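Novice: predicted model and sequence below, questions to follow.
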Amino acid sequence: ICYDFGCKTQVKINITEPEWQSVAGWFYPRATTAKAERRQIRQAIGWMEAVVGRHTPTHRYTALNLEHGGKSPGQMDCIDESLNVTQYLSLFETRGLLRWHRVVERAYRRALFDDHWASQIESLENRARYVVDGWFQDNGYLPLIEPTEIWSDLSLLGQFTYPSD
């Protein structure tokens with residue numbers, strides 16, 4: 001896990017078996033569609049962040065934090081957030097929790113100001129790619145999952161919706 005902007009601080013944590021089961025439980029019953037699995041991924045990522053926050057100062061993370069260095073340890077930029085979420089997704093994948101998606105390289109959105117990174121998954125059904133972006137929400141809240149082509153379109157910035165499910 002990394003935090004403090006640009007992965008300045010890196011730590012290895014061990015979560016307990018009950019903590020892991022509480023995260024993995026979001027994938028049961030098994031999803032019958034890719035869309036249903038994306039809903040499960042949102043829930044599991046949000047909860048995984050809460051669990052990891054018990055072991056690191058990332059529980060203090062506040063969304064959209066642009067203040068490099070931050071006022072308190074545990075703050076993250078999009079680099080930290082995307083690397084951590086990619087690790088969580090890879091763990092879900094290796095543990096056999098994903099059956100409709102695979103983890104792919106992180107997505108990068110270039111802009112005049114504020115370039116941005118996000119984790120990314122690909123549908124095994126149709127190869128459509130989706131970003132999984134937790135940087136826009138405080139620690140433990142549900143991340144944005146959006147088709148990569150929409151997320152990448154800067155003209156749509158600010159129009160993302162956060163489903164209530």
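Specialist: Nice, thanks for sending it over.

Novice: which residues touch the residue nearest to Arg38 when sequence neighbours are not counted?
Specialist: Computed as C-beta to C-beta, 6 or more residues apart in numbering, the closest residue to Arg38 that is not its neighbour in sequence is Ile145, at 5.1 Å. In this view, the C-beta of every residue, glycine as well, is placed from N, C-alpha and C. Ile145 sits next to Arg38, Ile41, Arg42, Tyr130, Val131, Val132, Asp133 when contact means C-beta atoms under 8 Å, 6 or more residues apart in numbering.

Novice: narrow those to those in strands?
Specialist: Among the contacts of Ile145, DSSP state E puts Tyr130, Val131, Val132, Asp133 in strands.

Novice: now for the second one, how many residues are close by?
Specialist: As a burial measure, Val131 scores 26 neighbours (other C-beta atoms under 10 Å).

Novice: ok, now which ones touch it?
Specialist: Going by C-beta under 8 Å, 6+ apart, the list of residues near Val131 reads Ala107, Ala118, Ser119, Gln120, Leu144, Ile145, Glu146, Pro147, Thr148, Trp151.

Novice: what's the most distant pair in those residues?
Specialist: Spanning the widest gap among the contacts of Val131 are Ser119 and Pro147, at 13.9 Å by C-beta to C-beta.

Novice: more neighbours: those two, which one.
Specialist: Ser119 (28 against 13).

Novice: so who does that one touch?
Specialist: Neighbours of Ser119 in contact, by C-beta under 8 Å, 6+ apart: Ser82, Val85, Thr86, Leu89, Val103, Arg106, Ala107, Val131, Val132, Asp133.

Novice: ok, the third one touching Ala107?
Specialist: Spelled out, that is Thr86. No. Between Thr86 and Ala107 there is no contact under C-beta atoms under 8 Å: 10.3 Å.
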